[in-house]
Structures are given as C-alpha cells and as structure tokens.
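1. Got a sequence here, can you model it:
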Amino acid sequence: MSLLQAILVGLIALIIAPGQMFYFDVAPKVALLLVGTAVLLIGSTRQRSIPRPATFWIWVAAALLSLGISTAISTNRAISLFGSTWREYGAVTQAAVLLFAAMVAWSVAGNAASRERCVKWMLRAVAVSALASGLYGIAQYFGWDPFQPAAPYHVGEGIWTIVRPPGTMGYASYFATWLLMAAFLSLALAQWERRAAWRWLAAAAAVVALAAMLLTGTRAAVLGLVAGGALGTWWSGYRIPRRLMVAAAVLAVCGVGFYNLPAGRQLRSRLRWFVEDPWGGARPLLWRDSLRMAAGRPLAGYGPEVFSATFPHFESKELAEAYPNFAHESPHNMFLDALVAQGIPGLIALLGLCGSGFAAAWRLRRHNLAVAACLAAALAAGIVSQQFTAMTVPTAVLFFTTIALAVGLASEEDTAPRPNLAWLTTGWVAVAPLIGLALAYVAFRLVAADHAIEQTRRALAAGDLSAASSAYESYQHWRLPGASADLWYSRALMELARKSADPALIGQAFVQSEDAAERALLGAEEPFNAWYNAAQLAALENNFGGTERCLRAAITAHPNWFKPHWTMAQALALQARGEEAGREAALAVELDAGKDPEVAETLRQIRERARSLAQ
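-> Residues are numbered from 1 along each chain as shown. As a prediction, the model looks like this:
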C-alpha cells in the first residue's frame with residue numbers, strides 16, 4: 001500500500017485532462033484522490049492496530065466530525081457535501097484527504113522495519129513530480145505550453161505583461177505553494193537517500209521546484225520559503241551542510257543575474273506590481289470581513305464551499321468599492337477558511353493537526369535530524385504560504401501527507417493491539433470497504449459528468465446545438481447534487497445565439513438558455529450571478545417585470561455589487577421611473593468607485609433627462 005500511496009501523491013500533482021474534461025485541472029485530481037483513497041480504505045482492513053501516540057488520530061477524528069456537523073447544518077448542504085465547481089473541495093473531498101493522510105501515517109508507523117522504505121517511496125514520488133511539474137512551469141514562463149492555452153495566465157499589457165505559470169495546478173499561487181513544500185521534501189530525500197542517482201534527482205528536483213516557484217511571482221510562497229528555511233535551519237541546530245550553502249549561494253547569484261537579463265523582464269514587471277500593491281490586494285479587507293462573517297456562526301460555521309454565496313451579505317462597502325467587479329470565492333487564508341466553514345471546532349482541529357505534525361517532527365530529531373528539519377520546514381512553509389491562498393486538492397494532499405510522514409516516523413514501535421480499542425478496529429474493518437465503495441461511486445459520477453460538459457463545450461464551439469443538448473442531458477444525468485454548470489450553459493447558449501444567423505437555431509438556443517437559467521437559480525454557488533443572468537434574459541424579451549424582479553433578487557444576494565444597481569437604473573429609466581432610476585444609478589456609481597466610466601455616464605444621462613422633463 002505504501003507504494004500506491006506514493007504514486008497517488010505524485011499523480012494527483014501532475015494529472016490534467018485538457019480536451020477530455022471541462023474542469024481539466026481540478027476534476028481529474030479529485031477523482032484520482034477518491035478512487036485511490038477507496039482502494040486504500042478497502043486494503044486497510046488488514047491493519048489491526050492503532051500506532052501511538054494517539055494525538056494525531058484524535059485530531060483527524062475531530063476534523064471529520066466537525067466536517068460532518070458543519071455540512072449537516074450548512075446553508076447549502078449539497079454544495080457543502082460535494083463542493084463548488086472551482087475547486088470541488090467539499091466535505092467528501094476533504095474527508096478523503098484526511099483519510100488518505102491517516103492511512104499514510106498508519107502505513108509508515110505500522111511496521112517499524114519498513115518505515116524507511118515507505119517514506120523514501122513517498123519522498124521519491126514527490127521529487128519526481130516536483131521535477132516534472134517544475135520543468136513544465138518553467139516552460140510555461142518561457143512561452144511553451146502544449147497542453148493549456150497561455151492567455152489565462154498572462155496578465156497586463158505591453159511591457160508590463162507578466163506571466164504567472166499555473167503548472168498543473170490551475171493557478172499560480174496553488175502551484176507555487178505545492179512546489180515550495182515539494183522542494184523541502186526533496187531536500188529531505190537528498191540528505192537521506194543512499195543511492196547516488198536518487199540523491200542527484202532529489203537535489204535537481206529541489207532546485208527546479210524553487211526556480212519554478214519564483215517564476216510564478218507568488219509573494220506568499222516567497223514568505224513561506226523564508227519561514228521554512230529559517231525554521232529548518234534552527235530546527236537542525238544550524239547544522240547546514242556546506243554543499244547546501246554553496247548551492248544556495250550559486251542559485252542566488254544565478255537568480256539575480258536572470259532577473260536583470262531580458263528574460264527576467266516579466267519578473268521585473270511582477271515586482272512593479274508588488275510595489276504598487278504591497279498589502280496583497282483585497283486580502284486585508286477580505287480577512288476583516290471574513291472574521292465578521294465567522295462571528296455570525298462561530299460554533300459550526302456556514303459549511304464547506306458556501307463562501308461565495310454567503311460572504312456578499314458580510315462584504316463591506318469599503319471592500320466592494322475597492323474591487324467592484326470581483327467575486328470572492330474564499331477568505332484566501334487556510335485558518336479563516338476553516339473557521340468560516342466549520343466554526344471554532346474546525347479551526348481547532350486544523351490547528352491540532354498542524355501541531356501534531358510539528359510535535360512529531362520534534363520527536364523525530366532524536367533519530368534523523370536532517371529529515372525532521374526538512375519536514376518541519378515543509379510544514380511551516382506550507383502554513384505561511386497558505387495564509388494568503390486557498391487550499392486545493394494537490395496542496396491539501398501534500399500538506400497533510402507531510403504531517404502524516406512526520407507522525408508515522410515518530411510513532412512508537414509498540415503497535416500491539418489494545419483490548420480497549422478492539423471495538424474500534426473491528427468497526428473499521430466493517431465500515432472502511434463501504435466508505436471506499438461510496439468514494440469510488442462519487443468519483444465515477446464526477447468523471448462522467450465532467451466529460452459530458454466538455455463534450456457540450458466542444459459541440460457549442462462547433463455550432464452543433466443538437467449535439468450540445470444531448471451531451472448536456474448526459475451531464476444532468478450524471479452530475480452530483482449541488483453546484484452545477486447551468487449558469488455557464490445558459491451564457492454559452494446565448495453566445496451561440498448571438499453569433500448565429502439561423503433564426504431556428506437562435507430560437508432553440510434562447511429557449512434552452514432560459515431553462516438553464518431557471519435551473520441555475522436553484523441552489524447556485526453564486527446566486528447573485530444566477531439572478532443577474534436571469535435578468536439579462538428577461539430584458540431581451542422586454543419583460544420589464546421579470547427583469548426588475550431578478551435584479552432585486554440579485555441585489556438581495558449581493559447588496560454591494562454595483563452591476564445589478566446599474567442595470568436596474570437603466571431598466572427603471574426605460575419605464576420613465578426617473579426618481580428611482582436616479583437613486584439606483586447614484587448607488588451604482590458609489591459602489592463602482594469610479595472604476596467604470598460608463599456607470600457614471602448612466603447617472604449623468606438620467607439626471608440630464610430629469611432636468612429636461614422638469615423644464
């Protein structure tokens with residue numbers, strides 16, 4: 001099982017399926033995690049003892065219990081259970097991550113004679129995947145990407161354009177966090193490995209991972225690197241191998257040289273962004289408003305993955321005016337995310353898991369100082385970096401696996417079955433296969449549904465509405481409850497109708513778009529967007545009553561978003577309701593904070609019309 005665990009950690013980081021799956025950088029990773037965890041759960045029934053100390057296992061159980069309670073009383077249970085479309089990190093996925101980490105710790109600790117072999121397999125898998133993904137990220141920076149379109153990770157225009165390679169993680173910040181932890185784990189392998197080939201590969205993986213991480217331009221990861229390096233240095237008693245110090249100095253010199261070369265222009269542009277925005281964009285205000293949100297349900301939270309729908313009710317005007325057309329999908333902080341989703345118990349459980357990892361690494365210092373220091377450094381680096389980013393499946397798997405490796409290596413060798421816990425191991429033997437089968441079923445439906453959406457997208461791109469409708473029916477059949485692609489499908493159909501010159505196709509696309517828009521209103525992960533889309537469709541039919549109703553619902557769902565107020569002002573103006581239109585337009589201008597000139601122009605026109613009527 002240890003070899004399978006190692007392969008899963010590596011593949012989860014690397015797997016993407018562009019052209020086969022719609023959410024090609026998320027869904028394959030989740031499906032692989034679920035299937036892999038299912039296989040491990042079924043195989044775990046042969047393990048009959050629980051390694052000591054029990055602290056880690058207690059925290060895992062507490063986290064699972066907190067997940068269950070917060071999901072049961074969630075503001076949207078279906079989305080909390082199966083996750084959002086953007087990261088699919090609902091209770092099922094999070095539970096799979098925790099169970100996977102528990103089985104890694106169980107596997108490493110369960111047989112003292114094979115601990116070194118188990119851990120080396122894991123570290124080798126991390127090093128290989130870090131080398132492969134790091135090289136891919138570097139290639140993306142230099143303009144070569146055979147798998148993904150480059151436009152989404154190019155930001156800015158002209159000489160100030162920056163490139164933020166996402167690797168195989170979907171977004172540069174998640175990629176950078178994963179590379180950062182992988183680099184420290186590769187260093188652990190380089191210092192522990194006896195075979196020269198693996199030592200060289202591990203060292204190369206660490207260098208490539210750090211280089212790729214820096215090319216992402218992610219300051220959170222740079223802070224994590226500093227924190228991890230400082231803790232690892234102190235943890236090891238300042239016993240840094242000379243060759244490591246020389247390598248670090250050479251890399252620093254090469255980095256400075258690269259920065260000043262023409263190839264480093266995009267990094268220099270990124271530094272300019274840092275100088276202009278030293279506080280990390282919306283994060284300080286986002287954290288403050290997230291704390292205010294958490295105070296509303298401190299004991300159990302709002303449920304996993306419902307932040308996008310719930311946070312707008314707590315978003316301050318200050319944040320809305322600073323970023324008027326931005327929907328915040330998470331607090332961008334791992335501890336705040338846990339607090340908002342699961343309340344204080346969930347936050348305590350997460351802190352407990354982190355603490356158990358550090359405690360295990362500290363105990364491990366007596367046996368393997370270098371590995372203990374690298375594990376602690378990886379854990380610290382991951383924590384610091386994820387104070388500014390959201391946790392996703394690949395980063396979560398590597399983060400909790402790092403804790404599990406430390407716990408497994410530091411566990412006591414006496415793992416004989418204890419009579420007072422016999423009922424627990426017996427119950428696990430009975431329940432684990434059932435949980436595994438359930439996870440495998442969820443994975444199957446996830447893959448089938450996601451592939452069907454991709455087929456829908458390709459059919460729409462080809463202008464084949466019949467094939468798109470058929471593929472989308474298949475998606476509706478297989479998709480899991482909760483978040484859906486209905487809003488995307490509605491908008492994609494309207495885009496198809498806009499580009500078509502066939503009246504029959506336009507009519508069919510419009511009808512299907514309306515149907516999808518109505519479905520999107522039921523439990524949408526972003527209700528304000530769903531209502532706003534429905535309002536646009538009603539406006540196309542000159543249905544003023546329906547337009548106003550949908551816009552007011554959008555305003556209720558997101559009070560400080562300027563767009564529904566702006567659109568409402570235009571709709572009211574067309575109905576000669578000038579006074580109401582003026583109020584909505586003025587509020588839209590205030591919330592937009594001067595970012596969009598056309599919003600101010602609407603207010604000017606409404607006031608000018610009111611003056612002309614008054615004369």
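
2. Other residues contacting stretch 566-573?
-> Stretch 566-573 is contacted from outside by 532, 535-536, 539, 544, 547-548, 551-552, 555, 578, 580-582, 584-585, 588, 592, 599, 602-603, 605-606, 609, using C-beta atoms under 8 Å, 6 or more residues apart in numbering. The way it works is simple: take the backbone N, C-alpha and C, and place the C-beta from them, glycine included.

3. if you average pLDDT over that stretch, what comes out?
-> Mean pLDDT, stretch 566-573: 92.

4. Can you give the distance of that stretch from its chain's centre?
-> Taking the mean of its C-alpha atoms, stretch 566-573 sits 36 Å from the chain's own mean (C-alpha atoms, centre = their mean, to the nearest Å).

5. Give the full set of residues in contact with A130.
-> A13, L179, A182, A183, L185, S186, A205, A206, V208, A209.

6. Of those residues, which is the nearest to P331?
-> L179 (22.7 Å; C-beta to C-beta).

7. thinking the closest one is in contact with L215, fair?
-> No. In this structure L179 lies outside contact range of L215 using C-beta atoms under 8 Å: 9.7 Å.

8. Between those two, which contacts overlap?
-> With C-beta under 8 Å, 6+ apart as the test, L179 and L215 both reach G137.

9. Any chance you could list what contacts stretch 533-546?
-> By C-beta under 8 Å, 6+ apart, the list of residues contacting stretch 533-546 from outside reads 487, 490-491, 494, 510, 513-514, 517-518, 520-521, 547, 549-551, 554, 564, 567, 571, 574-575.

10. change it to 10 Å
-> Stretch 533-546 has contacts (C-beta atoms under 10 Å, 6 or more residues apart in numbering) with 486-488, 490-491, 494, 497, 510, 513-514, 516-518, 520-521, 524, 526, 547-554, 563-564, 567-568, 570-572, 574-575, 577.

11. Now intersect those with the strands, please.
-> Assigned to strands by DSSP state E, none of those qualify.

12. ok, back up a step: neighbour count winner among L179 and L215?
-> L179 (34 against 26; other C-beta atoms under 10 Å).

13. That one belongs to a helix, doesn't it?
-> Yes. Assessed with DSSP: H, G, I helix; E, B strand; the rest coil, L179 lies in a helix.

14. Would you confirm that it contacts V207?
-> No. Assessed by C-beta atoms under 10 Å, L179 is found out of contact with V207, at 11.3 Å.

15. Generate a PyMOL selection restricted to the buried subset of the contacts of stretch 533-546.
-> Selection of buried members from the contacts of stretch 533-546 for PyMOL, criterion 16 or more other C-beta atoms under 10 Å:
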select buried, resi 486+487+488+490+491+494+497+510+513+514+516+517+520+521+524+526+547+548+550+551+553+554+563+564+567+568+570+571+572
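
16. residue ranges with poor pLDDT in the stretch 351-500 of the chain?
-> 412-429 (pLDDT under 70).

17. at 50 what do you get?
-> 414-415 (pLDDT under 50).

18. could you pull out the helices for it?
-> Applying DSSP state H, counting those that start in this stretch to the stretch 351-500 of the chain gives helices spanning 369-385, 393-410, 422-461, 465-478, 486-499.

19. for the fourth one, packing partners?
-> With contacts defined as 3 or more C-beta pairs under 10 Å, 6 or more residues apart in numbering; DSSP states H and E, the secondary structure elements packing on helix 465-478 are helix 422-461, helix 486-499, helix 503-520.

20. let's see 7 Å
-> helix 422-461, helix 503-520 (3 or more C-beta pairs under 7 Å, 6 or more residues apart in numbering; DSSP states H and E).
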